[in-house]
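A.B. asks: sequence and predicted model, in that order:
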Amino acid sequence: MPLPCLTILIQITDMKRFTFYLLVLIWLGTACTKLENDPTVPPDFLGNGFFVLNQGNFTSGNASLSFFSEDSVKMINNLFYKRNNAPLGDVAQSISFWDDEAFIVVNNSAYIYVIDAHTGHFKRKLTELNSPRFIQFVDANKAYISDFQLKGLFVFNPTTMQPLGIIETGKTTEAMVRVDNEVFVTNWSAYNNKSTNSTVQIINANLDQLIDSIVVAKEPNSIVVDKNKKIWVLCSGGFMNDEIPALFRIDPSGRNIEKRYNFPVLESSPEQLHINRAGDELYYLNGDVFNMHIDEDQLPATPVVRASGRNYSALAVHPDDQYIILSDAGNYVQNGWVYRFGRDGILIDSTQAGIIPGYIGFNH
């Protein structure tokens, strides 16, 4: 059964697309979209490849899961529905992996599905969350969930899905990385905040306590760790272009900013910071796709992939640096597309995905 319609509440991944999202939501009204079951049955064993998490329209319950097989070089759409005979839910946010399992965070439905990362079969579920965003695993028995509204982190056991409590941070939480026994958490959303959303909060993963914070720029939206255990944080500068967007390099041991890279244009909207498996090449979206080596002294001026009229909504880098994956949300109403580019920026191929493909994750 599809999820019932809910009262429209604006909650947006990229705040600078606020106006467009608002227009789309008004046009959609309170209509619900029913996911139709495609009779095509995917192979039981998916093999290696990447999942595409299609966000779907807010309150419509039409999020979906796609899988691109590197063996067949084909995309399987509506995989979750086909495999489990159930819709994925309302606003699919992110997908994370632990061992051979994939954890799918469904934001507005406020739950997490766990599936087999190589078959897509449902395994278990965690419900009654607030507004979950991303997962950071500590070990097989503990993981953190960031939240758009909750001023803290939700703690749970990923093996049993048992709730373990909440780490109070005083601010909302977003993207996370772990360095040794500390988890670094960005405060991207200003929801219910009394202070500016411009910090990276530091959690002691042994004590499950907030121990410190680092001030960066407004709206830190993504965070990665390089091969030298340096932390990189990308900040959009704020929904209203409040300040210059910036990329920061942080020394986690000293908890200090080592380098700040300012974007040349106030109206820039950098997001989706990623790093290759070797930990020495950064990638991010700013309309076009840019990449830079971690030893560079300045931001790149020339993109590796140009948008060329596409509306890129997600970015990922192949684990072995073989290619770059980009998704195009299009008009946010019809099915989007996924593109594979070589590291030289030359298009390899493209295929259709679901509505608003917003997150990509490899199962290997």
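C.D. replies: Yep, that arrived.

A.B. asks: output the below-cut-off pLDDT ranges for the stretch 251-364 of the chain.
C.D. replies: The stretch 251-364 of the chain contains no residues with pLDDT under 70.

A.B. asks: beta partners of the nearest residue to Arg310 once chain neighbours are set aside?
C.D. replies: Distances taken as Cβ to Cβ, 6 or more residues apart in numbering put Asp328 closest to Arg310, at 4.4 Å, once the chain neighbours are dropped. All C-beta atoms are positioned from the backbone trio N, CA, C, and that covers glycine. Applying DSSP bridges to Asp328 yields these beta-bridge partners: Tyr312, Trp337.

A.B. asks: how many neighbours does Asp328 have?
C.D. replies: A count of nearby residues for Asp328, using other Cβ atoms under 10 Å, gives 20.

A.B. asks: who are the neighbours in contact with it?
C.D. replies: Asp328 makes contact with 310-313, 336-339, 357 under the criterion Cβ atoms under 8 Å, 6 or more residues apart in numbering.

A.B. asks: from those residues, which is closest to Ala102?
C.D. replies: Within these, the smallest distance to Ala102 is 16.0 Å, found for Pro357 (Cβ to Cβ).

A.B. asks: against Leu266, how distant is the spatially closest residue to that closest one that is not a sequence neighbour?
C.D. replies: Nearest residue to Pro357, sequence neighbours excluded (Cβ to Cβ, 6+ apart): Ser327, at 3.7 Å. Applying Cβ to Cβ, to the nearest Å, the value for Ser327 to Leu266 is 27 Å.

A.B. asks: looking at these two, which is more packed in?
C.D. replies: Ser327 (28 against 13).

A.B. asks: okay but the more buried one is in contact with Gly336, surely?
C.D. replies: Yes: in this structure Ser327 lies within contact range of Gly336 using Cβ atoms under 8 Å: 5.8 Å.

A.B. asks: hey, what's in contact with both of the two?
C.D. replies: Taking Cβ under 8 Å, 6+ apart as the contact rule, the neighbours common to Ser327 and Gly336 are 313, 353, 357.

A.B. asks: mind putting those in JSON lines, neighbour count and distance to Gly61 included?
C.D. replies: Shown next, in JSON lines, are these (neighbours: other Cβ atoms under 10 Å; distance: Cβ to Cβ, whole Å):
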{"residue": "Ser313", "neighbour count": "25", "distance to Gly61": "19"}
{"residue": "Ala353", "neighbour count": "27", "distance to Gly61": "18"}
{"residue": "Pro357", "neighbour count": "28", "distance to Gly61": "17"}
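
A.B. asks: out of those residues, who's nearest Gly345?
C.D. replies: Distance to Gly345 across these (Cβ to Cβ) is lowest for Ser313, with 18.6 Å.

A.B. asks: okay, now the closest residue to that closest one other than its chain neighbours: neighbour count?
C.D. replies: What sits nearest to Ser313 in space, not counting adjacent residues and going by Cβ to Cβ, 6+ apart, is Ala329, at 3.8 Å. When neighbours are defined as other Cβ under 10 Å, Ala329 has 25 of them.

A.B. asks: and for the closest residue to Asn84 other than its chain neighbours, the neighbour number?
C.D. replies: Sequence neighbours aside, Phe122 is the residue nearest to Asn84 in space, at 4.5 Å (criterion: Cβ to Cβ, 6+ apart). Residues contacting Phe122 under the criterion other Cβ under 10 Å number 16.

A.B. asks: pLDDT score assigned to Thr40?
C.D. replies: We have a pLDDT of 69 for Thr40.

A.B. asks: nope, Asp116 is what I meant
C.D. replies: Listed pLDDT for Asp116 reads 98.

A.B. asks: cool, Phe239 as well?
C.D. replies: pLDDT, Phe239: 86.

A.B. asks: and it, how far from Tyr191?
C.D. replies: Taken as Cβ to Cβ, the span from Phe239 to Tyr191 is 12 Å.

A.B. asks: contact partners of the helix or strand hosting Tyr283?
C.D. replies: Per DSSP states H and E: Tyr283 is located in strand 281-286. With Cβ under 8 Å, 6+ apart as the contact definition, strand 281-286 has outside contacts at 222, 224, 226, 232, 234, 247, 263, 268-276, 289-294, 304, 312, 315, 317, 321, 324.

A.B. asks: just stretch 63-79 next, same as before
C.D. replies: By Cβ under 8 Å, 6+ apart, stretch 63-79 touches 35, 37-38, 42, 46-56, 80-82, 87-92, 104, 106, 120, 338, 349, 351-355, 357.

A.B. asks: could you give me the PyMOL syntax to select whichever of those are buried?
C.D. replies: Command for PyMOL that selects the buried part of the contacts of stretch 63-79, burial taken from 16 or more other Cβ atoms under 10 Å:
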select buried, resi 35+42+46+49+50+51+52+53+54+55+56+80+81+82+87+88+89+90+91+92+104+106+120+338+353+354+355+357
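
A.B. asks: in strands only, show me the contacts of stretch 63-79.
C.D. replies: 49-54, 92, 104, 106, 338, 349, 351-355, 357 (DSSP state E).

A.B. asks: starting at the chain centroid, how far to the strand holding Tyr283?
C.D. replies: Here strand 281-286 is found 14 Å from its chain centre; the criterion is Cα atoms, centre = their mean, to the nearest Å.
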